[in-house]
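# Provided below are the primary sequence and the corresponding predicted coordinates.
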Amino acid sequence: MTPRDVLITGGSDGIGLAVAKLLAAEEGTRVTLVARDGAKLRDAVATLPGDAHHVIAADLSVPNDVATLASHLESR
């Protein structure tokens, strides 16, 4: 099976985290959660089924954070 990478913004709680849990349960899916609070992200990713998931702390209303996120994603 080919791995699938999924990026979820606002993934530290609420609807974003709920969607992340559903997608992470699918075999071969790697989830990257993005939100402002790094501590909440680390807690959230620990609740996802499977492994090889990632977190990126970024405030998408800050242009520099968006550029950093894009750079990080391009390097994968």
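It's in. Numbers count the residues shown, from 1 in each chain.
# what about this protein, any weak spots by pLDDT?
1-2 (pLDDT under 70).
# the closest residue to residue 52 other than its chain neighbours in helix, strand or coil?
Computed as C-beta to C-beta, 6 or more residues apart in numbering, the closest residue to residue 52 that is not its neighbour in sequence is residue 30, at 4.9 Å. (Each C-beta comes from the backbone N, C-alpha and C, glycine too.) Under DSSP: H, G, I helix; E, B strand; the rest coil, the three-state class of residue 30 is strand.
# bridge partners for residue 30, pull those for me.
Assessed by DSSP bridges, residue 30 has beta-bridge partners residue 5.
# so it touches residue 4, yeah?
Yes. Counting by C-beta atoms under 8 Å, residue 4 is a contact partner of residue 30 at 7.1 Å.
# higher neighbour count, these two?
Shown here are residue 30 and residue 4; by other C-beta atoms under 10 Å, residue 30 has more neighbours (18 against 12).
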